[in-house]
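> Sequence plus predicted model, see below.
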Amino acid sequence: MILAGLFLAAIELAGVTGTDLRARAFFDCNNVKVGDPMTLTVDFIGNADFAALHPPRLSRALDGRVWKLDQASAKTETVDGARRVTYRVRPLQAGVLWLPAIEFKCGDLRFSANPVPVHAKAGADLAIDLDGENAYPPFPEPPEDAGDEWFELCRLAHQGDYAGALSRLNAMAWTRGQTPAIEAAMVAVRARMLGDPDAELPAWRVVAKPLVKYPWPRQATIVLSFALALMVSLLLLGKAIKRFAAVATVVVTLSSPELKVGEPFEFLLAVEPQGAGEIAVQQITPSDSYGLSWVGKPVKVDACRWRLPARFDVPMDNPALTFRVAGMVTERREINRAGFHMVSTSSNSFAADSSPLAVKVRPLDADSQPGDFSGIVAENLRFVAMPDLLNVGTNDIITITYRLLLPNGGFVPRGYLPPGAAYDWGENEWKGYFVADGAPSTPDSELCYYNPKTKTYCRATAEGMAINYHE
């Protein structure tokens, strides 16, 4: 088994800002021959702005004797909320190879993608150029509207005047916009000028890409339009806040002064209209819903008060939990004049925030808590594992999909990975790898969870399946 990578430093994600970031990595095929092309996918997930993400230079994190990564093949797209980057990769050695856990950084935040195994079987001798001019990013083909300035650029680059070529490219980007062809040419010129095949665009060009991709007249128009739209939006928002805030006030209290993980309680919600009228609540949104489970429908006590059955599944000490309540206030008026009777009805929308509510939730008793408690809180669950292959050769890679089924709802901690899983693959679903090294079956995976209904710790097991080996 070969840990196939030499990681030296975290790779900077220029232009990306956000929090709670994570990454996952996987190949389109984990059982190949030496030299076969594979697609490596790296998904970046989290509360972040990935619009300016430029494909990271992963080649600096890999051992070039083991992997051949084609940086020019990198493509980006958005899939199910994740920013996806794909690369074409070839294994250069036979055996069970592991793509290392590549670390990324975004400001002060650091996070890693999971390692990925590949079973590369011996194939025909390959002639793959790993050094020389081919190690540098290639020059792009001239665009359809290429003029004399593009061919002048090529002449300067061919003569080794990379500074002059880069200056010409900057001028073209100003007048034409930072098109894909100009961007690729900039990367190729900078790589040769710096003597670094992994050189990238300057960080400011990556961050400002949504703007600088346009010619300068349109850039100016966009900036002015954005500033004007921002001013108008702030004015309208101020008027809307004043209007909504004047319609109703919201007060939230707790049914119990002491809360504990897994114990049901009620929020007591009171919405008071500023004048006469009938309240109709349409939406109730807490400022922080992490670990909060609703255990029943809201119960209307009277015209202005509701009980909200709930349960916290994580310890919490939040001194300022608030609720935003949106709805309608309807006022009915009767007018009697000179024997004429008329009824008028007026309705006003409102969106009001409650005053801060201090919430403290005690954790489960540590004395009775198993050491492998997963943090999952659910009344009933099923845990299953589904291998993608069961008829394999020795050392083939089996990809296992783990699923957690919660028919009655429940809470799963953010970032949780069950035993055997490598990365998350959606809500309550994960992927893991198993090297079929002669074991008769895929491994079992067991997790420990807390059942708030029975107030006990329970275990759920995803059972392995028998493996059939062929040679």
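Nice, thanks for sending it over.

> Give the bridge partners for residue 350, please.
For residue 350, the beta-bridge partners under DSSP bridges are residue 327.

> Any idea how many residues pack against it?
Summarising burial for residue 350: neighbours were counted as other Cβ atoms under 10 Å, giving 24. Using the backbone N, CA and C atoms, a C-beta is placed for each residue, glycine as well.

> Check the gap between it and residue 273 for me.
Spatial separation of residue 350 from residue 273 under the definition Cβ to Cβ, to the nearest Å is 8 Å.

> from what I can see residue 181 touches residue 138, true?
No - with the criterion set as Cβ atoms under 8 Å, residue 181 and residue 138 do not qualify as a contacting pair; they are 11.9 Å apart.

> The two - which one has more neighbours?
Taking residue 181 and residue 138 together and counting by other Cβ under 10 Å, residue 181 has the greater number of neighbours (19 against 12).

> tell me what the helix or strand containing the more buried one is packed against?
Element membership for residue 181 (DSSP states H and E) is helix 180-194. Helix 180-194 sits against helix 148-158, helix 162-176, with contacts defined as 3 or more Cβ pairs under 8 Å, 6 or more residues apart in numbering; DSSP states H and E.

> Distance from the chain centre to it, please.
Averaging C-alpha positions (Cα atoms, centre = their mean, to the nearest Å) puts helix 180-194 30 Å from its chain's average.

> So which bits of that helix are buried?
181-193 (16 or more other Cβ atoms under 10 Å).

> Is it possible to get JSON lines of the residues you listed that adds pLDDT?
JSON lines is the format used below for these (pLDDT from 0 to 100):
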{"residue": "181", "pLDDT": "82"}
{"residue": "182", "pLDDT": "84"}
{"residue": "183", "pLDDT": "84"}
{"residue": "184", "pLDDT": "83"}
{"residue": "185", "pLDDT": "84"}
{"residue": "186", "pLDDT": "86"}
{"residue": "187", "pLDDT": "85"}
{"residue": "188", "pLDDT": "84"}
{"residue": "189", "pLDDT": "85"}
{"residue": "190", "pLDDT": "84"}
{"residue": "191", "pLDDT": "82"}
{"residue": "192", "pLDDT": "81"}
{"residue": "193", "pLDDT": "81"}
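
> Of those residues, just say which sits nearest to residue 97.
Within the buried residues of helix 180-194, distances to residue 97 taken as Cβ to Cβ reach their minimum at residue 191, with 27.1 Å.

> is it true that the closest one touches residue 137?
Yes - in this structure, residue 191 sits in contact with residue 137. The criterion is Cβ under 8 Å, and the distance is 5.4 Å.

> Spell out which residues are contacts of both of those two.
Counting by Cβ atoms under 8 Å, 6 or more residues apart in numbering, the contacts common to residue 191 and residue 137 are residue 197.

> Now for residue 115: which residues touch it?
Under the contact definition (Cβ under 8 Å, 6+ apart), the residues listed for residue 115 are 25, 98-101, 422.

> Among those residues, which lie within strands?
With strands defined by DSSP state E, the entries of these inside them are 25, 98-99.

> Of the residues you listed, which is the most crowded?
Neighbours here mean other Cβ under 10 Å. Within those, the largest count is held by residue 99, at 27 neighbours.

> Can you list the low-confidence ranges for the chain?
When the per-residue scores of the chain are filtered using pLDDT under 70, the ranges that remain are 1-9, 124-136, 141-142, 144-147, 239-248, 274-277, 335, 337-341, 343-344.

> Just want the angle from the longest helix along the chain to helix 162-176.
Within the chain, and with DSSP state H defining each element, the longest helix by residue count is helix 216-245. Here helix 216-245 runs at an angle of 60 degrees relative to helix 162-176 (axes from the mean of the first three to the mean of the last three Cα atoms, to 10 degrees).

> how distant is whichever helix or strand comes after helix 216-245 from the center of its chain?
Read in the C-terminal direction, the helix or strand following helix 216-245 is strand 248-254, with elements assigned using DSSP H and E. Averaged C-alpha coordinates place strand 248-254 at 34 Å from its chain's average position (Cα atoms, centre = their mean).

> List the buried residues in strand 248-254.
The neighbour-count check on strand 248-254 (16+ other Cβ under 10 Å) flags 248-250, 252, 254 as buried.

> Over to stretch 386-403?
Going by neighbour count (16+ other Cβ under 10 Å), the buried part of stretch 386-403 is 387, 389, 392, 395-403.

> cool, and stretch 408-421?
Taking 16+ other Cβ under 10 Å as the neighbour-count basis, stretch 408-421 is seen to contain the buried residues 410-412, 418, 420-421.

> Out of these, which two sit at the greatest distance?
Within the buried residues of stretch 408-421, two members stand farthest from each other by Cβ to Cβ: 411 and 420, at 21.3 Å.

> what's the spacing between the residue lying closest to residue 415 once chain neighbours are set aside and residue 427?
Counting by Cβ to Cβ, 6 or more residues apart in numbering, residue 22 is the residue found nearest to residue 415 once chain neighbours are left out, at 7.0 Å. Spatial separation of residue 22 from residue 427 under the definition Cβ to Cβ is 15 Å.

> the more surrounded of these two?
Neighbour comparison, residue 22 and residue 427: the larger count goes to residue 22, with 18 against 9 (by other Cβ under 10 Å).

> Among the buried residues of stretch 386-403, which one sits closest to residue 75?
Of all the buried residues of stretch 386-403, the one sitting nearest residue 75 is residue 399; the distance, using Cβ to Cβ, is 22.7 Å.

> hang on, isn't the closest one packed against residue 433?
Yes - proximity of residue 399 to residue 433 meets the contact threshold set by Cβ under 8 Å, at 6.1 Å.

> intersection of neighbour lists for those two?
Both residue 399 and residue 433 are in contact with residue 30, where contact means Cβ under 8 Å, 6+ apart.

> Pull the number of nearby residues for the residue lying closest to residue 382 once chain neighbours are set aside.
Closest residue in space to residue 382, ignoring its immediate chain neighbours: residue 405 at 4.2 Å, by Cβ to Cβ, 6+ apart. Neighbours of residue 405 under the rule other Cβ under 10 Å: 13.

> Tell me the backbone dihedrals of the nearest residue to residue 380 once chain neighbours are set aside, please.
Leaving out its chain neighbours, the residue that sits closest to residue 380 by Cβ to Cβ, 6+ apart is residue 408, at 5.1 Å. Listed backbone geometry of residue 408 is phi -110, psi 20, with angles given as degrees, to the nearest 10.
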